[in-house]
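Novice: Turn this into a structure:
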Amino acid sequence: MQRIVVGMSGASGAIYGIRLLEALQGFPDMETHLVMTRAAERTLCEETEYRPADVRALASCSYPITDIGAPIASGSFKCMGMIVAPCSVRSLASIAYCLSDNLLSRAADVTLKERRRLILLVRETPLHLGHLRAMTAACEAGATIMPPVPAFYNKPATLVDLVDHTVARALDALGLEHSLTPRWGDEREADGTSGK
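Specialist: The predicted model follows:
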């Protein structure tokens, strides 16, 4: 059994966390541990038809944001890593500067100190110098900064296609094999135009 911690904070883009949890359900030996900030719960209701209870039901386990005694707050809790999707600038700064002021930032800090993979889908634009410095600090501590930037080479036809591309890249960053979206060159190899 593998474990992944999923954090959702209050930036726009709640659908990224939802689609990530749905994609992880496709891994039969995967256990997901979810923590959402209060702002994430509010954003979820503003942007989607989901309610917090619906999203919690997608995870194997979920924890209140104030539960600093939760298993994911300890380095002895074994997992392969953590993804924060979406990651607000507030959560980014809390992680970058080791504040551990709630369960999400504490779990992220534990992920970094244990040298596990931490992927932050930072959702903000435009960026000022304070944002960039927080990203640099988080990156220097070991996090992967992965803003959800859409790709168009796969000719997305729906919003879900765009979201799934970012979720697929996050799964790649965790080292998980998947077939969520086509990869660059797959269609060229299939039709014999790869240039070989």
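
Novice: contacts, neighbours, all on C-alpha from now
Specialist: Fine.

Novice: for A23, what are its contacts?
Specialist: Going by Cα atoms under 8 Å, 6 or more residues apart in numbering, A23 touches L180.

Novice: residues of whichever helix or strand it is part of that come out buried?
Specialist: In this structure, A23 sits in helix 14-24 according to DSSP states H and E. Under the neighbour-count criterion of 16 or more other Cα atoms under 10 Å, helix 14-24 has 14-21, 23-24 buried.

Novice: Then stretch 47-67?
Specialist: Across stretch 47-67, burial judged by 16+ other Cα under 10 Å covers 55-56, 58-59, 62-63, 65.

Novice: The residue lying closest to A107 once chain neighbours are set aside: how many residues sit nearby?
Specialist: Leaving aside its chain neighbours, A107 sits nearest to A73 (4.9 Å; criterion: Cα to Cα, 6 or more residues apart in numbering). Using other Cα atoms under 10 Å, A73 is surrounded by 21 other residues.

Novice: Please apply the same query to Q25.
Specialist: When neighbours are counted by other Cα under 10 Å, Q25 registers 16.

Novice: Could you find the closest non-adjacent residue to Q25?
Specialist: Nearest non-adjacent residue to Q25, counting by Cα to Cα, 6+ apart: L58, 7.7 Å away.

Novice: So which elements touch the longest helix along the chain?
Specialist: Ranked by residue count and defined by DSSP state H, the top helix of the chain is helix 159-173. Judged by 3 or more Cα pairs under 8 Å, 6 or more residues apart in numbering; DSSP states H and E, the packing partners of helix 159-173 are helix 14-24.

Novice: Give me the sheet partners of the very next helix or strand once past the helix it packs on and which way each runs.
Specialist: Using DSSP H and E, the helix or strand that follows helix 14-24 towards the C-terminus is strand 30-36. Strand 30-36 pairs in its sheet with strand 2-8 (parallel), strand 61-63 (parallel), by DSSP bridges.

Novice: Give me the buried positions along the first one.
Specialist: Right, the one you point to is strand 2-8. Residues of strand 2-8 classed as buried: 3-8 (neighbour count, 16+ other Cα under 10 Å).

Novice: Alpha carbons of stretch 6-16, as PDB, please.
Specialist: Provided in PDB are the C-alpha atoms of stretch 6-16 (Å, rounded to 0.1, in the frame of the first residue of the first chain):
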ATOM      1  CA  VAL A   6      -3.200  15.700  -0.800                       C
ATOM      2  CA  GLY A   7      -3.600  19.300   0.300                       C
ATOM      3  CA  MET A   8      -6.100  21.800  -1.000                       C
ATOM      4  CA  SER A   9      -5.800  25.400  -0.200                       C
ATOM      5  CA  GLY A  10      -7.900  28.500  -1.000                       C
ATOM      6  CA  ALA A  11      -6.600  29.500  -4.400                       C
ATOM      7  CA  SER A  12      -8.800  29.300  -7.500                       C
ATOM      8  CA  GLY A  13      -8.600  25.900  -9.100                       C
ATOM      9  CA  ALA A  14     -10.300  23.600  -6.700                       C
ATOM     10  CA  ILE A  15     -10.900  21.300  -9.700                       C
ATOM     11  CA  TYR A  16      -7.200  20.400  -9.700                       C
END
